[in-house]
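Enquirer: need a structure here:
(2 chains)
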Amino acid sequence: MKAKKIQKGSVLQIVLVVFMILHVAVLSVAKIALENVRAWDRMEQLNTARILELEFIYHIKQMAKNEELSNDTIHVEGGRVTYVIEKTEPFYIYTLIEVWEESYSMSLVLCPTTLRITEFSY
Amino acid sequence: MALKINQKGFTLVEALFSLSVCLIVVFSTAHILLLSSTKDRLPDIDASTEIGIKSLSQDLYTAFDFSYGNVLAYTDGNNRRNTIFLHNKRLVREPGFIIYTRDVEELYFYAIDHKVYVTMWKHDIEKTFLIGVDFYRES
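Expert: Here you go, the predicted model:
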């Protein structure tokens, strides 16, 4: 029995196809993992912003209670709040909130007698 | 029996190409492993809970006259009494039946040093969130 077999790169073709499939699979998983990490980062940022805003509200209410409220900047882990107060009755407070590398502004209306926030907007 | 097989092996270009594909696969895998290790260091975050808690804390900015326990009661900026409680594993605010988050097994509201917290159990994981500030003075 005579067997004449000529291989002109068929093994290479199979290997390349397998590599391509592996590569696409690995890249897909990497892309999903990357998107998940970005989503976790965004959630962390949201969480930090919430804590920062609440710590700021706590700070201004405590300062208003002690009648020591004045323009200042407070630092909390992950961000800071810079605020300016218009000391009319009620107090109008304008803030610049910086969380990680992003910033936004928020304004509040605080009643100094009841220590209640009557309005707020972003 | 004669067997004739023409095997010429890989050329240099083919070998280099295969090597480059191998390197891409190896570096991609290393990248995934790096990302996985970063993920493990991050705290366990549940997006729906975080968004719900953020919404809840904003609702409490203008709130005063709190009462605590399994139900959080407060008066809002329009002098309307609100309650936040667990209903069929959903964290709900009445009036309006606003659903903040789902799959909550148990929760408890409390205040320490004028700061309002909620501790909740979700999928057997206990989490505590700062949700408000209880600073109020009768005029």
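Enquirer: secondary structure element for the residue in chain B positioned nearest to chain A?
Expert: Nearest residue of chain B to chain A (CB to the nearest CB) works out as B:F135 at 3.9 Å. Bear in mind the C-beta positions are built from the backbone N, C-alpha and C, glycine included. Here B:F135 is covered by no helix or strand, with elements defined by DSSP states H and E.
Enquirer: How about chain A: which residue is closest to chain B?
Expert: Closest point on chain A to chain B, by CB to the nearest CB, is A:K61, at 3.9 Å.
Enquirer: That residue: neighbouring residues, count only.
Expert: A:K61 has 22 neighbouring residues, counting by other CB atoms under 10 Å in any protein chain shown.
Enquirer: so who does it touch?
Expert: A:L110, A:L115, B:H114, B:V133, B:F135 (CB atoms under 8 Å, 6 or more residues apart in numbering or on different chains).
Enquirer: Report the secondary structure element holding residue 48.
Expert: In the absence of a named chain, this looks at chain A. Here A:T48 sits within helix A:10-65, counting by DSSP H and E.
Enquirer: nope, chain B please
Expert: helix B:47-59.
Enquirer: Let me see the ranges of the strands in chain B.
Expert: Under the criterion DSSP state E, chain B carries strands at the ranges B:2-6, B:64-67, B:72-75, B:81-87, B:90-94, B:98-101, B:104-112, B:115-122, B:125-133.
Enquirer: neighbours of the residue nearest to A:A39 when sequence neighbours are not counted, just the number please.
Expert: Leaving out its chain neighbours, the residue that sits closest to A:A39 by CB to CB, 6 or more residues apart in numbering or on different chains is B:A47, at 6.7 Å. Close neighbours of B:A47, defined as other CB under 10 Å, add up to 12.
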